[in-house]
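> Curious how this folds, go ahead:
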Amino acid sequence: MADEQKPLLIKRYASRRLYNTETSDYVTLEDIAGFIRSGRDVKIVDLKSGDELTRQYLLQIVAEHESRGESVLPIEVLTDLVRSYTTQAGSIVPQFLKMSFDMLRESQSKMMGAAINPMSAMPGYEAMQAQQKAFIKAMTGGWAGSSGPERDDRAVEDTPETVPAVPDKSELEEIRKQLADMQEALKKMNG
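Next up is the predicted model:
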């Protein structure tokens, strides 16, 4: 698990072959792209000089995908990137791009959370969930296997015919209020 936290070290030999130091085998650019897609960071270094080559290889991966028609970067963005190398804007472009991609990643993870449980994205979901639990608890109070409130059997004889206590008037009023609140919340969401 600790190995997954640090970047995967790839060494480039003089023959330009790329060597995965974890699995002791040679890899291709597509293999490296796969590692990155799966969430793993990579670090590519020249074996002889020790120079870091990660940026150059990542750019090569992007260029290969773009040349195959797997365009992600609009032409305007590519043009602006080229311009940023020749202007003063070059100093802010890296920070801007990093912040933009951080926001994109955060939005994607929120969307994934909403996709797993679509109801959780609704405003007031937690309040409705709490009201639902309270309603179920009140309605099943004392029944076997329920997570409802404990019955007070002191006033009732312990006989096989003993039935769960019926909610009293104040509990029923509370349930009605919760139902009305839930209906109001649903109206606001739909309206």
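> And the helices in this protein, which stretches?
Per DSSP state H, the chain carries helices over the ranges 2-5, 29-37, 54-67, 75-84, 93-116, 125-139, 169-190.
> now those as TSV including distance to residue 12 and mean pLDDT?
For every residue, glycine as well, the C-beta is placed using N, CA and C. Output for the helices of the chain, formatted as TSV (distance: least, CB to CB, whole Å; pLDDT from 0 to 100):
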stretch	distance to residue 12	mean pLDDT
helix 2-5	21	56
helix 29-37	11	94
helix 54-67	8	92
helix 75-84	25	84
helix 93-116	24	77
helix 125-139	51	72
helix 169-190	56	76
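> Go through these and name the closest to residue 17.
With CB to CB as the criterion, residue 17 lies closest to helix 29-37 of the helices of the chain, at 11.4 Å.
> if we can go back for a sec, of the helices of the chain, which approaches residue 21 most closely?
Ranking these by distance to residue 21, with CB to CB as the measure, places helix 2-5 first at 10.6 Å.
> re earlier: which one of the helices of the chain lies nearest to residue 13?
Nearest to residue 13, of all the helices of the chain, is helix 54-67, at 13.6 Å by CB to CB.
> Residue 22 is nearest to which of the helices of the chain?
Once the helices of the chain are compared by CB to CB, helix 2-5 is nearest, at 7.0 Å.
> Throw the helices of the chain into JSON lines and include mean neighbour count and distance to residue 48, thanks.
Formatted as JSON lines, the entries for these read as follows, by neighbours: other CB atoms under 10 Å; distance: least, CB to CB, whole Å:
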{"stretch": "helix 2-5", "mean neighbour count": "8", "distance to residue 48": "25"}
{"stretch": "helix 29-37", "mean neighbour count": "14", "distance to residue 48": "20"}
{"stretch": "helix 54-67", "mean neighbour count": "13", "distance to residue 48": "16"}
{"stretch": "helix 75-84", "mean neighbour count": "12", "distance to residue 48": "31"}
{"stretch": "helix 93-116", "mean neighbour count": "10", "distance to residue 48": "29"}
{"stretch": "helix 125-139", "mean neighbour count": "14", "distance to residue 48": "58"}
{"stretch": "helix 169-190", "mean neighbour count": "12", "distance to residue 48": "63"}
